[in-house]
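Undergrad: one predicted model, sequence on top.
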Amino acid sequence: MSESKCPFVHKAGSGTSNRDWWPNQLQIEILHQHSPQASPMGEDFNYAEAFKTLDLAAVKQDLEALMTDSQDWWPADYGHYGPFFIRMAWHSAGTYRTGDGRGGAGHGNQRFAPLNSWPDNVNLDKARRLLWPIKQKYGKKISWADLIILTGNVAMESMGFKTFGFAGGRDDIWAPEIDVYWGNEKKWLDDKARFSGDRELENPLAAVQMGLIYVNPEGPGGQPDTLESGRLVRETFARMAMNDEETVALTCGGHTFGKCHGAGDAALVGAAPEAVGLAEQGLGWKSSYGTGKGGDQIGSGLEGSWTPTPTKWDMSYLDVLFGNDWVNSKSPSGAHQWTPKAANDSNTAPAAHDASKKVPIIMTEADMAMRMDPIYEPIARRFHQNPAEFADAFARAWFKLTHRDMGPRSRYLGPEVPAEALIWQDPIPAVDHALIDDQDAAALKGKVLASGLSVSELVSTAWASASTFRGSDKRGGANGARIRLAPQKDWEANQPEQLAKVLGKLEGIQREFNSGGKKVSMADLIVLAGCAGVEQAAKHAGHAVTVPFTPGRMDASQEQTDVDAFAVLEPIADGFRNYQKTKYSVSAEELLLDRAQLLTLSAPEMTVLVGGMRVLNANVGQSQQGVFTQRPGVLTNDFFVNLLDMSTNWKPVSDAEEVFEGSDRATGERKWTGTRVDLV
């Protein structure tokens, strides 16, 4: 056989996939991402321990030297890479959204598709490449995720700004994330699929166009409209956990540094990193305009700096914003931007690569919203009149932006961790008492089982407390016992009336135990009670089991709980409890899979939990859908036995195919009802 006839001519993994044939197939693989085998660090690598050996001061010293070490292959604007690195760090963190806690800077995902090739991240591949010698020098001791954020901090400090602090602890991923929903659009910068009605943005998205971090700098859909731009800025920043004051601080503070790039026709810019040939070695957006770099750079399409002093922290952004009349104009790339109506020494800046030339400063449509929006404008003017307040607000907002997805302060590492506990960190008191031992736990479980509470009530409450956890941003969970507090105590899925009854009984047990000298937190007791319920259910099935339990949780107060911030954790659906708040465009089984991924469960863990919760009668409202057992409250495998029983014939009860009825094939007698989550 000739080589041209060789049968092995197709690459592995190519061809028509299962999902091509069956588009509705569940994407179970999202539960099994980021295998330790994919990491070059090895399965036993502990990043937190490695980071503790890092000389952070030495890294910062090297980074500061890099700021002004301009490279010919990608020259620094104004001889200083600081603004470039701030944009890199900002765009790494800025993908975070509160809806599902995904995105953000926590794993260095800017290194991978699709983020590494988003239009809004144009040329940030060069920023990361500039960091490569420093990453090589310190190796495993600092992750890409931490290095990217630290570099943004050092950039600001090198230009005269005092940051609020820095915490390490972000562990890198080594492959693209496949669980994050970035939108359904098939073209970059399209927005047709994410808005409905009066430009209502689809959840959980935060950016207004595919491939943007926030909003279009030219205006909504690329057209000037300052007030609408302000509305979209407010919506976008709110979805990444920022209030109006934080939004103004970030916008005005961040745009104190650097410039936009639009020296020529954007059509002259080449492919993004994911689409370039091997010879480019991962560097994309190669431009044929002039030199393609330096003063010939093309990025967003807008052209110019925001201030006359783009590498210095000062008040010049607010000075020029309020000190000039602005007109809408076009950049050399043809992008909409705002420039001062009359040029003078105070509203021009040196050209980024020729200090002898003066060029106009600019504002984006979002910048103009800081002046024109009726809510943003008074905040911006207050900051203008109070420089110290502005600097503090920006420092705090920047710290929040870059650390929001790291979870509790206990995960923070390094000598620059701020001492102040912040409300958005969901603070929980430190352990202030000796923890219960195995003997105490056994005694408490005995009290719980003698309280009159059912297995269903104990398990349901423990699940409700723990299942708010999101592995994405490390929020929620049983620690803090916030199920006792607003808003969680009032959530429909948590069955407030039953919850109050269970908590009342457990609080009585806690008071009695704590009066004896030792202490147990409600957070620990709620979980321990759930363990007791599972053990009792197993005992009734003839199995003696002990559910592992580790104490150490503490109880948060209402004052330590931001009600609005916790509202996003309310489950719209929880397939483990056969609960769905209303009908959604996403199927119930996809919502179950999404929750399982956020809970960091594997497919076997998800499966066994669904089956266990059903036979323990833990559905919301004690719904009997999916309770495929004659012995509810007993931990059996009845759910699986009866689900797979071929004597049962299943049919949907309506065209919606949300609920199904299982009948005896021979007699037609109804045996069970179940949901899509049960049958899948």
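TA: On my side now, so go ahead. Numbers count the residues shown, from 1 in each chain.
Undergrad: for the stretch 351-500 of the chain, what spans make up the helices?
TA: Assignment of helices within the stretch 351-500 of the chain using DSSP state H, counting those that start in this stretch yields the ranges 365-372, 376-385, 387-403, 438-449, 455-466, 496-514.
Undergrad: format the ones you listed as CSV; extra columns: distance to residue 641.
TA: Glycine gets a C-beta too; all of them are placed from N, C-alpha and C. Shown next, in CSV, are the helices of the stretch 351-500 of the chain (distance: least, C-beta to C-beta, whole Å):
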stretch, distance to residue 641
helix 365-372, 59
helix 376-385, 61
helix 387-403, 48
helix 438-449, 27
helix 455-466, 20
helix 496-514, 29
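Undergrad: residue 72: which of the ones you listed is closest?
TA: Smallest distance to residue 72 across the helices of the stretch 351-500 of the chain (C-beta to C-beta): 30.5 Å, for helix 387-403.
Undergrad: in that closest one, which residues are buried?
TA: For helix 387-403, the neighbour count (16 or more other C-beta atoms under 10 Å) marks 390-391, 393-403 as buried.
Undergrad: over to stretch 662-678?
TA: Across stretch 662-678, burial judged by 16+ other C-beta under 10 Å covers 662, 663, 671, 672, 673, 674, 675, 676, 677, 678.
Undergrad: what about the fourth one, distance to residue 642?
TA: Here residue 672 is placed at a distance of 7 Å from residue 642 (C-beta to C-beta, to the nearest Å).
Undergrad: mean confidence score for the helix or strand containing residue 57?
TA: Taking DSSP states H and E as the definition, one finds residue 57 inside helix 56-67. Helix 56-67 shows an average pLDDT of 99 in the prediction.
Undergrad: buried sites along it?
TA: Neighbour counts using 16+ other C-beta under 10 Å place 56, 59, 60, 62, 63, 66, 67 of helix 56-67 among the buried residues.
Undergrad: give me the neighbour count for the closest residue to the first one other than its chain neighbours.
TA: Spelled out, it's residue 56. The shortest distance from residue 56 to any non-neighbouring residue, by C-beta to C-beta, 6 or more residues apart in numbering, is to residue 414 (5.7 Å). Here the count is done by other C-beta atoms under 10 Å, and residue 414 has 17 residues near it.
Undergrad: wait, residue 414 touches residue 170, no?
TA: No - using C-beta atoms under 8 Å, residue 414 is not in contact with residue 170, being 11.2 Å away.
Undergrad: give me the most central residue, the chain.
TA: The C-alpha lying nearest the average C-alpha coordinate of the chain belongs to residue 102 (C-alpha atoms, centre = their mean; 2.6 Å).
Undergrad: in three-state terms, label it for me.
TA: Secondary structure assignment for residue 102 (DSSP: H, G, I helix; E, B strand; the rest coil): coil.
Undergrad: next one: it from residue 115, what distance?
TA: From residue 102 to residue 115 the distance is 12 Å (C-beta to C-beta).
Undergrad: over to residue 374?
TA: Going from residue 374 to residue 115 by C-beta to C-beta gives 34 Å.
Undergrad: neighbour count: these two, which is higher?
TA: Legend: neighbour count by other C-beta under 10 Å for residue 374 and residue 115, higher for residue 115 (22 against 8).
Undergrad: name the nearest residue to that one, sequence neighbours excluded.
TA: Nearest to residue 115 is residue 109, by C-beta to C-beta, 6+ apart, at 5.8 Å.
Undergrad: pretty sure that neighbour is touching residue 174, no?
TA: No - using C-beta under 8 Å, residue 109 is not in contact with residue 174, being 10.4 Å away.
Undergrad: neighbour count: these two, which is higher?
TA: Counted by other C-beta under 10 Å, residue 109 and residue 174 do not tie: residue 109 has more neighbours, with 24 against 17.
Undergrad: ok, now which ones touch the more buried one?
TA: Contact analysis of residue 109 by C-beta atoms under 8 Å, 6 or more residues apart in numbering lists 92, 95, 103, 115, 173, 176, 177.
Undergrad: repeat the analysis, applying 10 Å as the threshold.
TA: Residues in contact with residue 109, defined by C-beta atoms under 10 Å, 6 or more residues apart in numbering, are 92, 95, 102-103, 115-116, 144-145, 172-173, 175-177, 180.
Undergrad: how close does it sit to residue 54?
TA: From residue 109 across to residue 54, the span is 22 Å (C-beta to C-beta).
Undergrad: just put the contacts of residue 109 in CSV and tack on distance to residue 229, pLDDT and secondary structure.
TA: Below are those laid out as CSV (distance: C-beta to C-beta, whole Å; pLDDT from 0 to 100; DSSP: H, G, I helix; E, B strand; the rest coil):
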residue, distance to residue 229, pLDDT, secondary structure
92, 24, 99, helix
95, 20, 98, coil
102, 25, 98, coil
103, 22, 98, coil
115, 23, 98, helix
116, 27, 98, helix
144, 33, 99, helix
145, 31, 99, helix
172, 35, 98, coil
173, 33, 98, coil
175, 36, 96, coil
176, 31, 96, coil
177, 29, 97, coil
180, 26, 97, coil
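Undergrad: strands of the stretch 101-250 of the chain, start to end?
TA: 195-196, 200-201 (DSSP state E, counting those that start in this stretch).
Undergrad: can you lay out those as JSON lines showing mean neighbour count, mean pLDDT and distance to residue 327?
TA: Output for the strands of the stretch 101-250 of the chain, formatted as JSON lines (neighbours: other C-beta atoms under 10 Å; pLDDT from 0 to 100; distance: least, C-beta to C-beta, whole Å):
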{"stretch": "strand 195-196", "mean neighbour count": "13", "mean pLDDT": "92", "distance to residue 327": "29"}
{"stretch": "strand 200-201", "mean neighbour count": "14", "mean pLDDT": "92", "distance to residue 327": "30"}
